[in-house]
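Q: my questions are about this predicted structure, shown below with the sequence.
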Number of protein chains: 2
Amino acid sequence: MSDACARFGGERADWLDLSTGINPRPWTPPEAMAIDWHALPDPAGLAHLEHIAAAAFDVDPRLCMAVPGSEAGLRALSSVLGLPGVHQPLCYGTHAEAFPSSPGASEASVRIVGNPNNPDGAITAREALLDALDRQEALGGWLLVDEAFADCSPQWSIADQVAEDRRLIVTRSFGKFFGLAGVRLGFVLAPPYLLRQLGRMHGEWPVCSAALAFGAAAYGDAAWIAATRAELPTRARQLDTVLQRHGLRPQGACPLFRLVASNNAQSLFEALARQHILTRPFAKHPRLLRFGLPADDTALQRFDAALARAGIDG
Amino acid sequence: MSDACARFGGERADWLDLSTGINPRPWTPPEAMAIDWHALPDPAGLAHLEHIAAAAFDVDPRLCMAVPGSEAGLRALSSVLGLPGVHQPLCYGTHAEAFPSSPGASEASVRIVGNPNNPDGAITAREALLDALDRQEALGGWLLVDEAFADCSPQWSIADQVAEDRRLIVTRSFGKFFGLAGVRLGFVLAPPYLLRQLGRMHGEWPVCSAALAFGAAAYGDAAWIAATRAELPTRARQLDTVLQRHGLRPQGACPLFRLVASNNAQSLFEALARQHILTRPFAKHPRLLRFGLPADDTALQRFDAALARAGIDG
């Protein structure tokens, strides 16, 4: 966003930021929620957070560890596992960066699947994931399912299959669905012996005091979670309608973002940026553009009008 | 503290916590300081924080990297360096845990020196550190100086010696001197090629949004820093007077804590805990007890009275 302001002008507050997949309507802490910044984050509070999050993910708390963001969790897992990565053709940049690919086809590896995948929003069916897990185990490797966006629809999750005797890891993100990416909180769901190795990398205080307070309250807020799960798909359909009206064909099943493939993607990015709407291009895939969900009707109408002014069809 | 309440009773608020070396009078953010929890921590804000902190440490910003607590920085450095540790006889637990000792005497190692050292508050002179650095370099190893408590007296710091062509690393902590351990912020000062490796472990968002906001404002608050540097030694001398009155001999030069060696250390720990004053024992060193600085005269008088009631001489 700093770069966008420098290149296309305008103050940060003037911009409509559709460049991320972070829920634009965040969970809001109650006014009375005080954060104790003075003391070290309380280990009992960390255990409490991990219990509440494990219940939300439907896993045994012994299989659930808080990390300072799911992105940091992926990087730490790479150090612990020490195996090359096998990736989806389109994948989150950190997957490829943290787990460099292997040239050999038959050696042990970490197969990484985003589910839903970022940036294309593709869903991998449970049966396909279980087949991939069997194949990875036969080769002595691991299946790592990045469920950073799975809170939107818990039926996508394979977290219930994580177990002491399986080579399955699931990562979860707090910041996306709850719209609080500045907190840096995520979770790794994995066999306990792997979590112990991860714990030695992050130490006793893996996340800040705000992460303990916000995380425990937000994962425990069943009413907000249910309302948000119901509301996001409705707003994603409204975004689809706007995109289609301008000849763009939205892909994906994750309600927090939509991917579009178009020969005009680069000029569309620039035409929107000149109107101070930031979207997400991909340097290696110049035909792709990702759109985050607008926060409300006003933002959606501004986006609609900007697409009309851009005059660029998909 | 949770354990202490469970074992000795009382509510957390009833206790006087002298178990840490965290400044009990924290830097306080201005009321108007808003933290943006929604967005990812801004990379430009991270660079700004690192510039301000580097100026406070008197190093080139290219040699300064923010990490989620100096403890996390030590653990990450262990992964990056991949060398055994050489420790002071009394050292911070994480030093020994993150850098397991080596049996061989002549191989490359990471020599770790706390300066001031925790828990004994000992200062290692600059000349001795430079000699140790020369010896480590001759063996292909590193000198790592943990300056978690050095903000109290900048003349202790060897940060100005960190350079691209030297094998010297300095770690700094935000939480101790500024009294904000819940934020999880620290810094690693090291040659740029080492920081790049560290950066790959922590990713683009190593610390939370509060760390960016608090850190930049606090390291830039020259008036608060000067007043606190002047005030801490005065209060440490008052603590010494109280300890000596009860036959205890305080050790160390770090004004945030004092160490005492006594045959009665264990019974003193328990007598104080029964009066809901928590101090810091050491399982491997049963004759040692560490006392954090009381926050004010009221806390110091309560500590004095509790020592009198304990009736245990050093």
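A: Happy to help now that I have it.

Q: OK, contacts around A:G182?
A: A:G175, B:I35, B:D36, B:W37, B:H38, B:A39, B:L40, B:P41, B:C208, B:S209, B:A210 (Cβ atoms under 8 Å, 6 or more residues apart in numbering or on different chains). (Glycine included, C-beta is placed from N, CA and C.)

Q: same check on A:F149?
A: Applying Cβ under 8 Å, 6+ apart, the residues near A:F149 are A:G21, A:G114, A:P116, A:N118, A:S173, A:K176, A:F177, A:C254, A:L256.

Q: what residues does the stretch 201-314 of chain A have near chain B?
A: When proximity is defined as Cβ under 8 Å from any Cβ of the partner chain, the stretch 201-314 of chain A approaches chain B at A:M201, A:H202, A:G203, A:E204, A:W205, A:P206, A:V207, A:C208, A:S209, A:A210, A:A211, A:F214.

Q: shouldn't A:P119 be in contact with A:K284?
A: No - judged on Cβ atoms under 8 Å, A:P119 makes no contact with A:K284 at a distance of 11.3 Å.

Q: quick revisit: need the max-distance pair from the contacts of A:F149.
A: A:G114 and A:F177 (14.6 Å; Cβ to Cβ).

Q: can you tell me how far A:A181 sits from B:F214?
A: Going from A:A181 to B:F214 by Cβ to Cβ, to the nearest Å gives 18 Å.

Q: A:P119 and A:K284: who's more crowded?
A: For A:P119 versus A:K284, neighbours defined as other Cβ atoms under 10 Å in any protein chain shown are more numerous around A:P119 (23 against 8).

Q: now name the helix or strand holding the more buried one.
A: Under DSSP states H and E, no helix or strand contains A:P119.

Q: so who does the most centrally placed residue in chain A touch?
A: Among the residues of chain A, the one closest to the centroid is A:A148, at 3.3 Å (Cα atoms, centre = their mean). Applying Cβ under 8 Å, 6+ apart to A:A148 gives the contacts A:S70, A:Y92, A:G114, A:N118, A:T171, A:R172, A:S173, A:K176, A:G186.

Q: from these, which has minimum pLDDT?
A: pLDDT is lowest at A:Y92 among these; the value there is 85.

Q: neighbours of the spatially closest residue to it that is not a sequence neighbour, how many?
A: Spatially, and ignoring its direct neighbours in sequence, A:Y92 is nearest to A:N118 (4.7 Å; Cβ to Cβ, 6 or more residues apart in numbering or on different chains). Using other Cβ under 10 Å, A:N118 is surrounded by 27 other residues.

Q: can you pull the pLDDT of the residue nearest to A:P233 when sequence neighbours are not counted?
A: Among residues not flanking A:P233 along the chain, A:P255 sits closest, at 4.9 Å (Cβ to Cβ, 6+ apart). Note for A:P255: predicted pLDDT of 97.

Q: for A:P255, give me its contacts.
A: A:C152, A:L232, A:P233, A:R235, A:A236, A:L293.

Q: could you rerun that using 6 Å?
A: Counting by Cβ atoms under 6 Å, 6 or more residues apart in numbering or on different chains, A:P255 touches A:C152, A:L232, A:P233, A:A236.

Q: ok, now how distant is it from A:P24?
A: Distance from A:P255 to A:P24, counting by Cβ to Cβ: 12 Å.

Q: counting residues per helix, which one in chain A is longest?
A: helix A:222-245 (DSSP state H).

Q: three-state assignment of A:F291?
A: With DSSP: H, G, I helix; E, B strand; the rest coil as the basis, A:F291 sits in strand.

Q: what number of residues lie near it?
A: A:F291, neighbours per other Cβ under 10 Å, totals 23.

Q: per-residue confidence at it?
A: Confidence at A:F291, expressed as pLDDT, is 98.

Q: give me the beta-bridge partners of it?
A: A:F291 forms beta bridges with A:R258, as assigned by DSSP bridges.
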